[in-house]
Structures are given as structure tokens and as C-alpha cells.
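Visitor: Could you look at this predicted model? Sequence included:
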Amino acid sequence: MVTWRPMTESDIPGVMRVANDIHRDLPEHEPIFLERLKLFAEGCMVLVEADGEEVGGYIVSFPVRRGKPPALNELLGVIPQDADQYYLHDIAILPGFRGRRAAAEGIGRTLEVARRYPTTCLISVYGTVPFWARFGFSPEPVDAAMEEKLRGYGPGATYLTHQNGP
């Protein structure tokens, strides 16, 4: 059995191991994960075996200004006080931890945190738009600045949003 729990600073080496394995073509440096944890710990979780501490997955999410998620591997500095959208920056799960509905549970927990904001956004990579559609995310038109940002996430990166309210 696997379970999500709040991420701690001591989990960062495990998070980096998962990130480096899952996102070989989209690397992010350790300071990115440390900063997000420090700025918005409520949006950071790790997936572990119920009886262990090995990190087998993680979720990183935080508030942003609508349509302004950060570029890949970019420090935030601060969470904007006028944030009006929630950003699911990343969910990554190692193959050995998959197939146990952990992704659905983690996304559900993230969307609970996100309910304070009208919408949640994410950047879909690796052709995962159909996966995200199962959770109510759909493509949204983007401007030139967002197109440029999406290029940094690789071919086929797609900006998606989810309506949090009724």
C-alpha cells in the first residue's frame, strides 16, 4: 500500500531521484523543489510505501496569477499576494509505485487545496492531455508569451485548466 504525506526537506533527495528518472528531458534543479516547499508546503506531497520512507513519487503545486505559471526550472521568489489561480506544477510517480490509484488520490488532494481559487492550471507534457481530461482539465487558448513558455516544456506541451467551482 502507498500513501501520500506532506513533503519535508529531508525528502528532497528522494524527490530529485524521482524527478531525474521521470523527467530526464525536462530537468529541474534541487533549489526549485526546495523553494516551492518553503513557499507553499501545503502544495507539496510525497508518495511512500505505507511502512517506509522511500520516495516513490511527488506532487508540487502552488498559487499563481491566472495564466502565469513559471517557466521550467525557474525560481518563484514569492507566491503572489494577488494569486488567483492554482498551478499543479508536477506529479511524478516511479513505475514501481504505479497502478495503485495513487495518481488519482494525489490529484484529488491537490484539487482540494486548489478549491480556494477559481481554476487550476497545469502544463501537460509527454502526450498526457487524455490523462488530465479524466480529471476535468481541458486545453485553453494561449497568448504568445505562453506559447514561448510551452516551448521550454518540450514538443506537444499543452496548457490546461480545470474549473474548481460549481
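Guide: Structure received. In this text the structure is predicted, and so the values were computed from the model without any measurement.

Visitor: SS state for the residue nearest the centre of the chain?
Guide: Among the residues of the chain, Asp90 comes closest to the average C-alpha position under CA atoms, centre = their mean, at 2.3 Å. With DSSP: H, G, I helix; E, B strand; the rest coil as the basis, Asp90 sits in strand.

Visitor: Can you mark which positions in stretch 66-74 are buried?
Guide: 67, 69-70, 72 (16 or more other CB atoms under 10 Å). All C-beta spots, glycine's among them, are computed from the backbone N, C-alpha and C.

Visitor: Ok, stretch 24-42 next?
Guide: Applying 16+ other CB under 10 Å to stretch 24-42 flags 26, 28, 32-33, 35-37, 39-40 as buried.

Visitor: Any idea which of those the model trusts least?
Guide: Note: of the buried residues of stretch 24-42, the lowest pLDDT belongs to Leu26, at 93.

Visitor: who touches it in this structure?
Guide: 72, 125, 153-154 (CB atoms under 8 Å, 6 or more residues apart in numbering).

Visitor: How about Thr158?
Guide: By CB under 8 Å, 6+ apart, Thr158 lies in contact with 123-124, 129, 139, 150.

Visitor: Would you mind measuring from the residue lying farthest from the centre of the chain to Met1?
Guide: In the chain, the greatest distance from the average C-alpha position (CA atoms, centre = their mean) is reached by Asp51, at 24.7 Å. To Met1, Asp51 is 8 Å away according to CB to CB, to the nearest Å.

Visitor: hmm, back to that, and the residue farthest from the centre of the chain, which of the three is it?
Guide: Under three-state DSSP, Asp51 comes out as coil.

Visitor: Check for me that Gly56 belongs to a strand.
Guide: Yes: assessed by three-state DSSP, Gly56 belongs to a strand.

Visitor: Spit out the contact partners of the spatially closest residue to it that is not a sequence neighbour.
Guide: The shortest distance from Gly56 to any non-neighbouring residue, by CB to CB, 6 or more residues apart in numbering, is to Phe97 (3.4 Å). The contact partners of Phe97, by CB under 8 Å, 6+ apart, come to 2, 47, 56-57.

Visitor: quick one: which of these is most hemmed in?
Guide: Leu47 (28 neighbours; other CB atoms under 10 Å).
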